[in-house]
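A.B. asks: predicted structure and sequence below. I'll ask about it afterward.
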Amino acid sequence: MVKRKKPLKKKKFTMELAPGLEVELGEDVPNFSTMLEGWTSEAGKSIPKMPQTILEFIGGMGVKSRKNSKGETQEVKTGSTQEYIDKASTAGSEDAYTTKQLTAVKELKDYLVENNTPDSKINPQNIKFKSIRSYNKKGKVLQDVPVFGDYRTPKYVKYQRRHKDRSVEEAPKHWYVIGEGGAGKAKVPVWQALFAEEKGDLLDFKYPSLLMMCNLVLESFETGDAKAYNTRNNPFNLTIKNPKMRGEAAKWVYENLPTFKNWFDSRIKNPSYIYRTGNVNAKKLQKEILNTKLPLKDDESKKVQEWLQTDFKVDLEEVYLKISVRQINNMAEIAGFKNTKLEKSAKKQDFSDWRQIVKMVQ
């Protein structure tokens, strides 16, 4: 009898959404680090008719050769593509995302979007060659023509074979565009690996492009579709980001989270949460709050993240709160709680009449 394999559970990620608020992300958030490993493996493979691998080509992007005062040739970096890739490479590693990692992914995406244009100096679509439009029987070139992406056009290959006795492989048609205005149109493999936005553009590179990978990860956050939860072990301390807001934190929670307000109101009206002295049992409430998973409605989730001024948005579905005893007492006052026993005692000892004071002194 063949035993059935247990279905593999998808890994869940954690992320520090803000100082003091570490959340657990749902299963739909892709792992950028893992995807990049697959991308790097594919980019390191040789592609037929391409003289170097995509990784080798990228290694030279953003690097210029210049001569120093001694006439020696030196390589100077002008903004390396590989540097952006390296900065984002740890995003999602160790089953966690940090704001810093996601910012690196966003910077990589912005860099790619900025250079996916006909005037970018590092976009391989825009590499301009001088190729051959026509030549005579003696092999004299009569007219040149600009070619973008790759120079190995049928005319060039034919000319090299007939008049230079050289065998040159013809480039696939989608690797070059002939004529002025061809910048930004040739779908060379390096462009596919970096800038492709649709599967239909992946003609030679059989893996999602870097831009597609960045979009997959960032859209999970930017659209708020990344579902998140914090845990009992990491309750959210609302004042940790700005300790000076302690006095306002209790008021903010009570007035902006109706779900919590309803829960809190029901407790301070319950005699089991009131001491014999008539005061609120803040310690009991604090402990119960720590152990209570508070579900958040969509607008409440947005308000929490606005309060925190988070750079990336998630669908924060539930939260555990850490609220100090002092804040709970402040909250009880805001909610209109009054110590009735203390009020009755004060009424019994009413010293407003001066004659009563004279009697007590005598």
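C.D. replies: Received, thanks.
A.B. asks: this structure: strands as residue ranges?
C.D. replies: 14-18, 21-25, 63-67, 73-77, 96-97, 128-135, 141-148, 177-178, 227-229, 236-237, 294-295, 315-319, 321-322 (DSSP state E).
A.B. asks: remind me, longest helix of the chain?
C.D. replies: Identified as the longest helix of the chain according to DSSP state H is helix 99-115.
A.B. asks: average pLDDT across it?
C.D. replies: Mean pLDDT, helix 99-115: 94.
A.B. asks: buried set for that helix?
C.D. replies: For helix 99-115, a neighbour-count test (16 or more other CB atoms under 10 Å) marks 101-102, 104-106, 108-109, 111-112, 115 as buried. For the C-beta atoms, the positions are set from N, CA and C on the backbone; glycine is no exception.
A.B. asks: which elements pack onto that helix?
C.D. replies: Secondary-structure packing of helix 99-115 (3 or more CB pairs under 8 Å, 6 or more residues apart in numbering; DSSP states H and E): strand 14-18, helix 81-88, helix 189-195, helix 210-222.
A.B. asks: again, only this time at 6 Å
C.D. replies: Here helix 99-115 touches helix 81-88, helix 210-222, going by 3 or more CB pairs under 6 Å, 6 or more residues apart in numbering; DSSP states H and E.
A.B. asks: returning to what we had before: need the buried residues of helix 99-115 in CSV (columns: distance to Tyr207).
C.D. replies: What follows is those, written out as CSV (distance: CB to CB, whole Å):
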residue, distance to Tyr207
Gln101, 21
Leu102, 22
Ala104, 20
Val105, 17
Lys106, 21
Leu108, 16
Lys109, 17
Tyr111, 19
Leu112, 15
Asn115, 20
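A.B. asks: what's the farthest-apart pair in those?
C.D. replies: Using CB to CB, the pair of the buried residues of helix 99-115 lying farthest apart is Gln101 and Asn115, separated by 21.7 Å.
A.B. asks: if we can go back for a sec, out of the helices and strands packed on helix 99-115, which gets the lowest mean score?
C.D. replies: Going by mean pLDDT, the lowest-scoring of the helices and strands packed on helix 99-115 is helix 210-222, which has a mean of 91.
A.B. asks: give the buried residues for that helix.
C.D. replies: With the criterion 16+ other CB under 10 Å, helix 210-222 contains buried residues 210-218, 220-221.
A.B. asks: now do stretch 16-26
C.D. replies: Judged by neighbour count using 16+ other CB under 10 Å, the buried positions of stretch 16-26 are 16-18, 20-23, 25-26.
A.B. asks: if we can go back for a sec, with distance to Lys283 added, can I get the strands of the chain in CSV?
C.D. replies: As requested, the strands of the chain are arranged in CSV below (distance: least, CB to CB, whole Å):
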stretch, distance to Lys283
strand 14-18, 27
strand 21-25, 24
strand 63-67, 64
strand 73-77, 60
strand 96-97, 34
strand 128-135, 74
strand 141-148, 73
strand 177-178, 74
strand 227-229, 26
strand 236-237, 17
strand 294-295, 19
strand 315-319, 21
strand 321-322, 13
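A.B. asks: right, so of those, which gets closest to Tyr254?
C.D. replies: Tyr254 lies closest to strand 321-322 among those, at 11.5 Å (CB to CB).
A.B. asks: direction included, what does that closest one pair against?
C.D. replies: In the sheet, strand 321-322 lines up against strand 236-237 (parallel) (DSSP bridges).
A.B. asks: and the longest helix of the chain with strand 14-18, angle?
C.D. replies: 90 degrees (axes from the mean of the first three to the mean of the last three CA atoms, to 10 degrees).
A.B. asks: helix 81-88 and helix 99-115, what's the angle between them?
C.D. replies: Between helix 99-115 and helix 81-88, the angle comes out at 150 degrees (the same axes, to 10 degrees).
A.B. asks: pass me the low-pLDDT residue ranges in the stretch 101-250 of the chain, would you?
C.D. replies: Residues of the stretch 101-250 of the chain meeting the criterion pLDDT under 70: 224, 238-247.
A.B. asks: distance of Ala332 relative to Lys251?
C.D. replies: Separation of Ala332 from Lys251 (CB to CB, to the nearest Å): 12 Å.
A.B. asks: neighbour count for those two, which is higher?
C.D. replies: Applying other CB atoms under 10 Å to Ala332 and Lys251 shows that Ala332 carries more neighbours, namely 23 against 15.
A.B. asks: all helices for the stretch 151-300 of the chain, in order.
C.D. replies: 154-163, 189-195, 210-222, 246-256, 258-268, 282-290, 298-308 (DSSP state H, counting those that start in this stretch).
A.B. asks: sorry, back to before: now, among the buried residues of helix 99-115, which is nearest to Glu255?
C.D. replies: Using CB to CB, Leu102 comes nearest to Glu255 of the buried residues of helix 99-115, at 30.6 Å.
A.B. asks: distance of that closest one from Ser272?
C.D. replies: From Leu102 over to Ser272 the distance is 45 Å, taken as CB to CB.
A.B. asks: which residues touch the residue nearest the centre of the chain?
C.D. replies: In the chain, the residue lying closest to the centroid (CA atoms, centre = their mean) is Leu102, at 3.6 Å. Taking CB atoms under 6 Å, 6 or more residues apart in numbering as the contact definition, Leu102 lies against Phe312.
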